[in-house]
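**Q** what's the 3D shape of this:
(chains A and B)
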Amino acid sequence: MKRVVAVITGLAALAIVAFMYLLEGPWRPWESAQPPAQMEGEGMVSPPGFNSTASAPLTRNAPDDADDDRHDTTPNPQSFQFNSAQDQDTLSRTGAAPPSNRTGGQLDQHSASNGLSEEETMTIPGTGTDANGQAPSASITPGQIRIGSIKDLPQELRDITAKQMEDEKDLGYVPVDDMTMSFYYGGYANYLLPPQETASGFTVALADLSGTPFERLRLNGIVPDGPSPPWARATRVYTDAGGAAFFLEEWDYVASGGGALILKETINAQVGDAPAVMTIHQSPSGQSVTNLGWYSDRKSYILTVTGKWQNGAKRENLLSLARSIRESEPSSPAPAQTQAADSKKSPPLK
Amino acid sequence: MHENLRSKSLCVFITAFAAGIPALSYSAPGFVSRSCLPVGAQESITVDWTFRQDLYWTASAHYKNGILQHIPNSGWSPTWRSYAGHLGSEFWYGAVVGYHWRFDTRIRQPVRMAVTTATDCNLRQWGF
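**A** Below is the predicted model:
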C-alpha cells in the first residue's frame, strides 16, 4: 500500500512538473501547426508589427507624427518637451502601439485590420468621439511628457476632470473612497519593506535625498509596486514627529515606456522648472491628503502628505520639500542604501 | 526495500517541486498579459497592489497563428484591478499585447503606464 502511495505521489509530482513546462516551457508540440513566425530574442514570438521586448530601440523625442499637430498649441512655447543628453539613450520598450488614428478606446477589428503599426504614439483611449467620428483625444508618446488641454481628453475623462475641479472649488477637496484613503493613514504599513530589502530590486533609480529636509523625517520603509522585484515604481514613506505621513512616489516612465499629458488648466504649482499639479483628496470619514505631482526628464514624482497643505506656510513647506529633491543619476545606488530606516526624528514639518 | 523506495520517491518529489517552484515565483509588476491554452485565457490585467482605487483602462490584443483576432478593452473604470480579455474561451497559444493606462486622479493626468507582451501563461508574473 505504501508503495502505491509513494508511486502515485511521485507520478503526481511529475505530472505537476510536466504541466508547468507545458504552460511555460519552450517545447509545445502544437506550435508546429502554426505558421512560421519571426523569432526574436530569446524565443520570443512577435505578432506582425511588433518587436520583442529586448530588441526594439526607442529614441526619445523622436519626430512626432501628424497626430501630434493638435498638441502644438501648448501654453508655453517651451512646451515642456525634454531634450536632455539622455534623450539619445537607446531604450528597450515593451511592445508597440496601435494606430493612433483609431477611435479612442474602440479597438476593434477595423483598426486591427490596418495592422498594428510600430508607431510609438498612442491615442488616449476613451469612448468619446467628435462630430466627425474622430477621437478628440490627444496622443502620448513613450518617454515624453507633454502639456495639453482638458479639451484633448476623451469626453468621459473630460467630464471626470471637470467634476473634480468643480468639487475642489466647491468643497475644497476631491471626494475619494475610504479604502483608498486608508492606505495613507496606516494602511501602507501592510506593504512596507525595509529599505535594505529593496536596495537592489528597483529598476528606477531613486532620488538621492541626503542633505535634504527629508533627512529630518523618519524613513519608515518603501512600498514597491508589486510583491517582488523588479520594481519600476517605488514609494518611500516618511513620518514626522507631528504624525504627518509623507509619501514620495517615483516612477521611471522612460524605462517603463510610459508617458503622460499634463493638462494646462490643472497646473497650479511649480517645482523647479517643472509645472506641477497640487490636489486635495478627502474621504467621507474626513481623512485627507495633499498630492503634488511633477516630472523630471526621466521620472515622475508624486509627493503626498496627510492633511491639507494647499495654503499658506504649509503649501510653501510642501513645495520647498519637493524642490529639495535632487534626482540621482540612473547608475547611482538607490538612497535606500544611503539613508537609514531609523533616521532621527524631527519636529513636524509644518 | 521500503526505505529505498521511500527515498527514491522523496527524491522525485523534491526534484519535481524544485523544478516547478521557479515557474510559480511571482515577479512583480502591476501589469501582465498572458496567452494560456490550458485555461483558455487571453488577457491583460492592470493591478494596483496597494488596492488604491483610481481610473484604469486596459486593452488586450489577441493574436492567433499570427493574426490579430480582436482587442477587447475594459473601458475607463474606477478600480484597483482592470481586466481586459477572455477566460475559458480562447484555447490557443498566440501572442497577447496589453495596453495599460491610468487616469491618475491625484494629479489629474492621463498616464500611459506600460505595454506588455506575452506568448505563454506568464506565470512568473502574478497579475491575478
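**Q** can you give me the strands for chain B?
**A** Shown for chain B, the strands assigned by DSSP state E span residues B:31-36, B:41-47, B:54-64, B:67-70, B:77-79, B:81-86, B:95-104, B:109-118.
**Q** got it, and chain A?
**A** Secondary structure of chain A (DSSP E): strands at A:39-40, A:44-45, A:122-123, A:139-140, A:145-148, A:174-175, A:218-224, A:233-239, A:245-252, A:259-263, A:269-271, A:274-282, A:288-295, A:299-306.
**Q** now render the strands of chain B as CSV, adding mean neighbour count.
**A** Placement of C-beta: from N, CA and C, glycine included. Putting the strands of chain B into CSV (neighbours: other Cβ atoms under 10 Å in any protein chain shown) gives the following:
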stretch, mean neighbour count
strand B:31-36, 26
strand B:41-47, 26
strand B:54-64, 25
strand B:67-70, 17
strand B:77-79, 15
strand B:81-86, 22
strand B:95-104, 26
strand B:109-118, 26
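**Q** nearest to residue A:249, out of those strands?
**A** Closest to residue A:249 of these, according to Cβ to Cβ: strand B:95-104, at 10.1 Å.
**Q** packing partners of the closest one?
**A** Contacts defined by 3 or more Cβ pairs under 8 Å, 6 or more residues apart in numbering or on different chains; DSSP states H and E place strand B:95-104 against strand B:31-36, strand B:41-47, strand B:54-64, strand B:81-86, strand B:109-118.
**Q** convert that strand to PDB, retaining C-alpha atoms only.
**A** Provided in PDB are the C-alpha atoms of strand B:95-104 (Å, rounded to 0.1, in the frame of the first residue of the first chain):
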ATOM      1  CA  ALA B  95       0.600  36.500 -28.600                       C
ATOM      2  CA  VAL B  96      -1.100  38.900 -26.400                       C
ATOM      3  CA  VAL B  97      -0.200  42.600 -26.200                       C
ATOM      4  CA  GLY B  98      -1.600  44.600 -23.300                       C
ATOM      5  CA  TYR B  99      -2.000  48.300 -23.100                       C
ATOM      6  CA  HIS B 100      -2.200  49.700 -19.600                       C
ATOM      7  CA  TRP B 101      -3.400  53.300 -19.000                       C
ATOM      8  CA  ARG B 102      -4.300  55.200 -15.900                       C
ATOM      9  CA  PHE B 103      -6.000  58.500 -15.300                       C
ATOM     10  CA  ASP B 104      -4.200  59.500 -12.200                       C
END
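**Q** so for it, what's the average pLDDT?
**A** Mean pLDDT, strand B:95-104: 94.
**Q** over to stretch A:291-308?
**A** 95.
**Q** please see if that stretch touches chain B.
**A** Yes. Judged by Cβ under 8 Å from any Cβ of the partner chain, stretch A:291-308 and chain B are in contact via A:291, A:293, A:300, A:302, A:304.
**Q** quick one: those as a markdown table, columns for distance to residue A:317 and neighbour count too.
**A** Shown next, in a markdown table, are the residues of stretch A:291-308 next to chain B (distance: Cβ to Cβ, whole Å; neighbours: other Cβ atoms under 10 Å in any protein chain shown):
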| residue | distance to residue A:317 | neighbour count |
| --- | --- | --- |
| A:291 | 15 | 25 |
| A:293 | 17 | 27 |
| A:300 | 22 | 25 |
| A:302 | 17 | 22 |
| A:304 | 14 | 23 |
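**Q** dump those residues into JSON lines; add distance to residue A:152 as well.
**A** Output for those, formatted as JSON lines (distance: Cβ to Cβ, whole Å):
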{"residue": "A:291", "distance to residue A:152": "22"}
{"residue": "A:293", "distance to residue A:152": "18"}
{"residue": "A:300", "distance to residue A:152": "19"}
{"residue": "A:302", "distance to residue A:152": "21"}
{"residue": "A:304", "distance to residue A:152": "26"}
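**Q** any chance of the helices and strands packed on strand B:95-104 in CSV with distance to residue A:263 and mean pLDDT as columns?
**A** Output for these, formatted as CSV (distance: least, Cβ to Cβ, whole Å; pLDDT from 0 to 100):
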stretch, distance to residue A:263, mean pLDDT
strand B:31-36, 24, 92
strand B:41-47, 22, 94
strand B:54-64, 14, 95
strand B:81-86, 22, 95
strand B:109-118, 7, 92
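**Q** residue A:246: which of those is closest?
**A** Among those, the nearest to residue A:246 by Cβ to Cβ is strand B:54-64 (19.9 Å).
**Q** what about residue A:191? Give its phi and psi, please.
**A** Dihedral pair for residue A:191: phi -120, psi 0, per degrees, to the nearest 10.
**Q** and it, what is it in contact with?
**A** A:223, A:224, B:49, B:50 (Cβ atoms under 8 Å, 6 or more residues apart in numbering or on different chains).
**Q** return the distance of it relative to residue B:105.
**A** Residue A:191 sits 20 Å away from residue B:105, going by Cβ to Cβ, to the nearest Å.
**Q** same thing with residue A:122?
**A** 20 Å.
**Q** before we move on, what about residue B:76?
**A** The gap separating residue B:76 from residue B:105 is 11 Å, by Cβ to Cβ.
**Q** who has more neighbours, these two?
**A** More crowded of residue B:76 and residue B:105, by other Cβ atoms under 10 Å in any protein chain shown: residue B:76, with 23 against 20.
**Q** quick one: residues contacting that one.
**A** Going by Cβ under 8 Å, 6+ apart, residue B:76 touches A:105, A:125, A:126, A:154, A:156, A:157, A:160, B:55, B:56, B:57, B:103.
**Q** then residue A:280?
**A** The contact partners of residue A:280, by Cβ under 8 Å, 6+ apart, come to A:168, A:172, A:173, A:174, A:288, A:289, A:290, A:291, A:308, A:310.
**Q** and the residues you listed, which of them are buried?
**A** A:168, A:173, A:174, A:288, A:289, A:290, A:291, A:308, A:310 (16 or more other Cβ atoms under 10 Å in any protein chain shown).
**Q** tell me the one among those nearest to residue B:98.
**A** residue A:291 (26.9 Å).
**Q** just confirm residue A:215 contacts residue A:209, I think it does.
**A** Yes. Between residue A:215 and residue A:209 there is a contact under Cβ atoms under 8 Å: 6.7 Å.
**Q** more neighbours: those two, which one.
**A** residue A:209 (23 against 16).
**Q** ok, now how distant is the more buried one from residue A:257?
**A** Applying Cβ to Cβ, the value for residue A:209 to residue A:257 is 26 Å.
**Q** how about residue A:273?
**A** 25 Å.
**Q** cool, and residue B:122?
**A** With distances taken as Cβ to Cβ, residue B:122 is found 17 Å from residue A:257.
**Q** many thanks, we can stop here.
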